[in-house]
Structures are given as structure tokens and as C-alpha cells.
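Asks: compute the structure for the input listed below.
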Amino acid sequence: MKRSGIYKIHVTFRIPGTDETHNKWGTAFVINKFHVLTSAHLMWSPEYGFATMATLHPDIREDPNGNQRMACVTAAFSVKYIDEPWAVNNLCVIAVAKHFDVGMPILQYHRKPKSLDTAIGKIIGYPSDMPLLHEGQKAVSSEGRLKYRKRYGANIVEHKINTRKGSSGSPVMVDGRVIAVHSGFDRGRKVNLATPIEHSRPISKVVFYMRNQRLLPKGVKDKGEVKGLTYPGQEMRLFV
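Replies: The predicted structure is shown next:
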């Protein structure tokens, strides 16, 4: 199967005051050879705090034996998401321990399309209920109409593309380019929400800092591999 550059991300949290853990999964996609983009709520929650570990898993058709999983070492998202965990702040850049190889597709994104009034969007992710017999293990593509809407004083993308648990972090694409990241469902208005790229710190700036080791463990560059814990009990670093 041709690789997509879209991964299932498996995240582990430690339940405060116990030795138990809580797991969740979503979707993340490759934006350069060392970073993926996903939703901030997959890496931090009001109940559990910061994630302690995260791994990327390709489509089971790409990697039937599970040999190509990638360890995540650093995540960075806006501090605004902790104070205001709304869709407008729900983006997260994650660095992997070992860079993706030359043949890995890199999804192109742009910050602000001129209009979504008549746009047809596509979401590719790992929903929990699809496909039959391999729920959450194969990337599933769905299409539908998108539109901008003002919420919390900023633009948000609304859509009614079919999504389920596991779709969070999926790329929302128009004409083959990512314009937003799927973030969740508004139960009151019964509509899906996605975070436009324009609403976090510019992705290129976050990647620049991470590449210059301000947000990476010592010794990480564009080539090489990170090994070992970043600090006791925590297998990755998170920054806001």
C-alpha cells in the first residue's frame, strides 16, 4: 500500500494519585521529516494533565507486523489551550525520535483559504468504528461541505463530515492541501469543529524553535535518534 503520511497516534496519561494509566488515540499527520501536527487535547487534558508517552502507528496495511511505529519525544502547543480549551487553540506540533525516511509523504498546508463558502473538504483519520473488522487501524477518508464561522472572537471551521472517536487530529483538506485540523463535535449545535492553521502560533515558527533544540532533548537535530527518558516517569517533553 502507498504510504499516506497520516498516522494513528496512541497516547498514555498517568492517572493522578495512582499507578494506573489512561489511554486514548487520535490522528496525526506528517508536516516535515521530523514533525507531525495533531490536536492539543490529545496531549493534555484537565483531568489527567500532560501525556506521559505517545507513539505513532501507520495504517495496518502499510505495516501489518507493527514494526514501523514511531516514538514521540516532544510536543508543543499554545498555553492558551490550557486556559481556554476551545477549538480555536486546539493545535499541537510533535517531534518524533527518528526522522521519517525520504519516501514519506509530507502533507502541505496553508494558513487561510480565501473562502470556504462552497468548498468540499476531505478528512482522513482513524475513527473507532471503521472500517469493519479493523476499527481504528485503517485510515478512512470522508468528504463533506465546510464553512467558516466566528466563534470566541475568531474564525473556526465547521463541517458535517462523518467523524468518530479517533478522528481528532485528522487533516481537513481542500484541493489537496490541509487548511485545518479536526478537533471535535459541538453537541449543542450538532456540528463538527476544526481548528484552522491560522489560529495557533505559526507552525513554521514552532518547528524552527524545536529544530534549534529549544524544545527538544539535548542532541536532537534533523538527523539521528533520541533514546532514553527525558526525565523520570515521563517519556516525552511537553511545552506550551
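
Asks: now do the residue most central in space within the chain against residue 109, distance only.
Replies: Closest to where the C-alpha atoms of the chain average out (CA atoms, centre = their mean) is residue 38, at 1.3 Å. Per CB to CB, to the nearest Å, residue 38 is found 13 Å from residue 109. C-beta coordinates here come from the backbone N, C-alpha and C atoms, glycine included.

Asks: got it, and residue 103?
Replies: Taken as CB to CB, the span from residue 103 to residue 109 is 20 Å.

Asks: between these two, which one's more packed in?
Replies: For residue 103 and residue 109, the more surrounded residue by other CB atoms under 10 Å is residue 109, and the numbers stand at 18 against 7.

Asks: just to revisit the earlier point, need the pLDDT of the residue nearest to the centre of the chain.
Replies: On the pLDDT scale, residue 38 is placed at 95.

Asks: and for residue 142?
Replies: Residue 142 is assigned a pLDDT of 88 by the prediction.

Asks: surely it touches residue 161?
Replies: Yes. The criterion here is CB atoms under 8 Å, and residue 142 meets it with residue 161 at 4.9 Å.

Asks: the more surrounded of those two?
Replies: Per other CB under 10 Å, whichever of residue 142 and residue 161 has more neighbours is residue 161, with 21 against 18.

Asks: hang on, the more buried one in a helix?
Replies: No. Under DSSP: H, G, I helix; E, B strand; the rest coil, residue 161 sits outside any helix and is assigned coil.

Asks: run through the residues that contact it.
Replies: Applying CB atoms under 8 Å, 6 or more residues apart in numbering to residue 161 gives the contacts 121, 122, 123, 142, 143, 144, 146, 172, 182, 192.

Asks: can you say which of those residues are buried?
Replies: By neighbour count, with 16 or more other CB atoms under 10 Å, those hold 121, 122, 123, 142, 146, 172, 182, 192 as buried.

Asks: which one of these is nearest to residue 27?
Replies: For the buried ones among the contacts of residue 161, the minimum distance to residue 27 (CB to CB) is 7.7 Å, reached by residue 182.

Asks: done for today, thanks.
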